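[1] Just the structure for this:
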Amino acid sequence: MEKIYKVALGKARCAVDLGDGSERGEYVEQDYILRKLGRPHRSISLMYCYYPFDEHFPERISEAVSGEGITYQWDYPYDDYFPYRGGLEGDTSGEPFNFMRDIRRHGQDVTLTITIDPAVTDEQLRAVGNDLRPFGRMFLRINHEATGNWFAFTKRASYQEIADFYCRAARIIKEQAPNVRTILCIGGIEDPDSDEIVKEEEFAQAVRETDIWSVDKYMSLHWGWPYDTAITGGSTHFRSSVKEVYELSKRSYERFRYLNGGIAKPMVMSELNSDGDVTGPYEQAEMVRLFADILKADKDDWLDGFTFYQFRDRGRLGLETEDPNNSNVGVEQPVMQVYRNIIHDDYFKPSLKRGDETALPVRLRWGGAEDSDGIEIPISIKAQPHFCELKFADNNNLMLEFNGMWFYKSPEAGFIDLMPAFYARPFSGECEIPLRIFAPPASGENDLSVPDGLLNYFCIIKKLPELRIEYGPVEPSKDKNGE
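    Numbers count the residues shown, from 1 in each chain. Below is the predicted model:
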C-alpha cells in the first residue's frame, strides 16, 4: 500500500434509505443489517411519537393501555410508535438517541419520523431542536401522512391547524438545529383524475416552507393488520398497479413544484413497499423490482430517494419477517435478494470519486452519507485470495469499501476480514482493487466545540492498517483425489 489518494463520497442518482423499527417491528442493529445487505444506506428511518401532555406518555401506548376495545392499529389514545424520550421533559440517554448514534457511527444519516401533539409549546419544540444538534445532517419528518385521518394528531386539530403547526415546528426546531432538513409528507395527488394534491389549500404554505417534499406510497397494503386477515373480497386491504403508484408520485412532485412557483426541491418517497399479506412473497418481490426498473428507465431525474419500509416486520412488510418465537430472529423473504440487487445497482449507489494523491497524516471529513472525504488505497491482487485481511493499530471508527462491499470497523476492533468481498464476486487474474476508508463519528455525534462541527466531523489518520494477502492455504492439502 504505497500510494494514497483522496476520495469523495457523493450523491447517488437516486438514494435508497431503509426503515428500521415502527409500530410493526423492533429496531435491528446496524451491524446485522450491514452484513445482510453489504452496504450502508444514505439514511435509516426511525418512527417515534411525542405526546407529552398525555396521561400515559412516555410509555408505549400499546403497553400502557389494555387492548380491550382496540380494533384498529390507530385506536389508541396516541400513536403506537416508540416514545420520544427527549425534549423538555426527558434526556438524550435513551431512545431514539441510542439508535441514532448506532446509525451514524455506521456511516449513515438519520431520518427521524416523529408524530407530535399540535398542542406542544414553542419551548418544547426548542428543546427537541437542541436534542438534535449533535447528529449532523439529519432528516426530520414531522407528522407524516398529515392529510390522513388515522394518527392521533389528526384527531386533535383541523388540517389547517396541522399544516400551520408543521410550519411552526419546522421553523423553531431548525432555529436550534440548522443541521436538520425537514420533510413534509402529505398525500400528494391520489386521484388519477385530479391535478391537485390532497388538502392543497391547507398545505400550500407548508409545501413552500419545507426543505423536502414527500409522499408515502404502498403498491399494496393490508391496513387492517394485525386485527384481521387479508382475504379475497375483504375491505381492509388494497392493491394498485406499480405504474399507477409511480405516475401519481411523479405527478405529486410536479404539483409541489407548481405550488412552489416552479422552483424544485428534493422529492422523496418516505415509505415504499408492497404488502406480502396481499400479494404473497413472490409478487411482493416482483412489484418492488418493477418499481425500480420503471424509475431507472425514466429520463427525468425527479426522485431524490426512496425509503423501503422496512427491514424486519412482524407482518409481511419487511425484507425479513420476525420469527414469532424470538423477536431477535428474522426470516429472510424473497424481496431481500431483489432489494440487494437494487441497492448494489450503480443507479442507486453513492458516487465514489478519486482525487489527488495525498500522504499521511491525513485529515478526513465526515459530512454525511452524501458528502464526505476519505482516502483510497490501490490494492494489487494477483489471483483469487485465500486470505485478505487488515490489522489496525489505532482506535478509529471507520467505514471501509472494498470490491463493492462495505465493512464497519469499530474503535474496539483491531482486525477486519475482507474475504467476504470476494465470496459474491470471485475472479481470477491480476487486477487492482481500491480500498476506501471513511471516518464517521465514533460516538455517533459531532463535536460541536470545533469549527464547523455542527455539519462535519473530523478524524486524523496517522497510520494505515497492515494488509495481509495470501493466495493459498497456510498448509497444502494432504488429501489425494479429493478424498
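
[2] Show me where the stretch 151-300 of the chain has its strands.
    Using DSSP state E, counting those that start in this stretch, the strands of the stretch 151-300 of the chain run over residues 181-185, 212-222, 237-239, 267-274.

[3] Same list (those) but as TSV, adding mean pLDDT, mean neighbour count and distance to residue 228.
    C-betas here are computed from N, CA, C, even on glycine. Listed next are the strands of the stretch 151-300 of the chain as TSV, based on pLDDT from 0 to 100; neighbours: other Cβ atoms under 10 Å; distance: least, Cβ to Cβ, whole Å:
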stretch	mean pLDDT	mean neighbour count	distance to residue 228
strand 181-185	98	23	26
strand 212-222	98	24	8
strand 237-239	97	17	9
strand 267-274	98	26	19
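
[4] Could you tell me which ranges of the chain sit under the pLDDT cut-off?
    Within the chain, the stretches with pLDDT under 70 are 1, 481-483.

[5] what about the strands in the stretch 301-450 of the chain?
    305-308, 312-313, 320-322, 330-332, 351-358, 362-366, 372-381, 387-391, 398-402, 405-409, 415-417, 431-438.

[6] Revised request: answer the last question for the stretch 1-150 of the chain.
    Ranges of strands within the stretch 1-150 of the chain are 4-10, 15-19, 43-50, 82-83, 109-116, 139-142, based on DSSP E, counting those that start in this stretch.

[7] sorry, back to before: can you put the strands of the stretch 151-300 of the chain in a markdown table and add distance to residue 44?
    Formatted as a markdown table, the strands of the stretch 151-300 of the chain follow (distance: least, Cβ to Cβ, whole Å):
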| stretch | distance to residue 44 |
| --- | --- |
| strand 181-185 | 14 |
| strand 212-222 | 16 |
| strand 237-239 | 28 |
| strand 267-274 | 12 |
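
[8] ok, residue 114 touching residue 51?
    No: checked against Cβ atoms under 8 Å, the pair residue 114 and residue 51 is beyond contact range at 10.5 Å.

[9] Any idea which of the strands of the stretch 1-150 of the chain gets closest to residue 308?
    For the strands of the stretch 1-150 of the chain, proximity to residue 308 was assessed by Cβ to Cβ; strand 15-19 is nearest, at 5.5 Å.

[10] buried residues in the closest one?
    15, 16, 17, 18, 19 (16 or more other Cβ atoms under 10 Å).

[11] Out of those residues, the closest to residue 338 would be?
    Nearest member of the buried residues of strand 15-19 to residue 338, counting by Cβ to Cβ, is residue 16, at 12.4 Å.

[12] what residues are up against the closest one?
    By Cβ atoms under 8 Å, 6 or more residues apart in numbering, the contact set of residue 16 is 41, 42, 305, 306, 307, 308, 342, 343, 348.

[13] ok, now residue 59?
    By Cβ under 8 Å, 6+ apart, residue 59 lies in contact with residue 83.

[14] cool, and residue 446?
    134, 135, 136, 453, 454, 455, 456, 457.

[15] got it, and residue 20?
    By Cβ under 8 Å, 6+ apart, the neighbours of residue 20 are 27, 28, 33, 44, 45, 46, 99, 103, 310, 311, 312.

[16] Dump the residues you listed to CSV, plus neighbour count and distance to residue 288.
    Shown next, in CSV, are the contacts of residue 20 (neighbours: other Cβ atoms under 10 Å; distance: Cβ to Cβ, whole Å):
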residue, neighbour count, distance to residue 288
27, 20, 22
28, 24, 19
33, 23, 17
44, 30, 18
45, 27, 17
46, 24, 22
99, 23, 25
103, 30, 23
310, 23, 13
311, 25, 14
312, 29, 16
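
[17] And the helices in the protein?
    30-37, 61-64, 97-105, 122-132, 159-176, 200-209, 242-259, 276-279, 281-297, 335-343, 420-423 (DSSP state H).

[18] can you put these in JSON lines and add distance to residue 6?
    What follows is those, written out as JSON lines (distance: least, Cβ to Cβ, whole Å):
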{"stretch": "helix 30-37", "distance to residue 6": "24"}
{"stretch": "helix 61-64", "distance to residue 6": "50"}
{"stretch": "helix 97-105", "distance to residue 6": "22"}
{"stretch": "helix 122-132", "distance to residue 6": "30"}
{"stretch": "helix 159-176", "distance to residue 6": "32"}
{"stretch": "helix 200-209", "distance to residue 6": "37"}
{"stretch": "helix 242-259", "distance to residue 6": "35"}
{"stretch": "helix 276-279", "distance to residue 6": "44"}
{"stretch": "helix 281-297", "distance to residue 6": "30"}
{"stretch": "helix 335-343", "distance to residue 6": "25"}
{"stretch": "helix 420-423", "distance to residue 6": "22"}
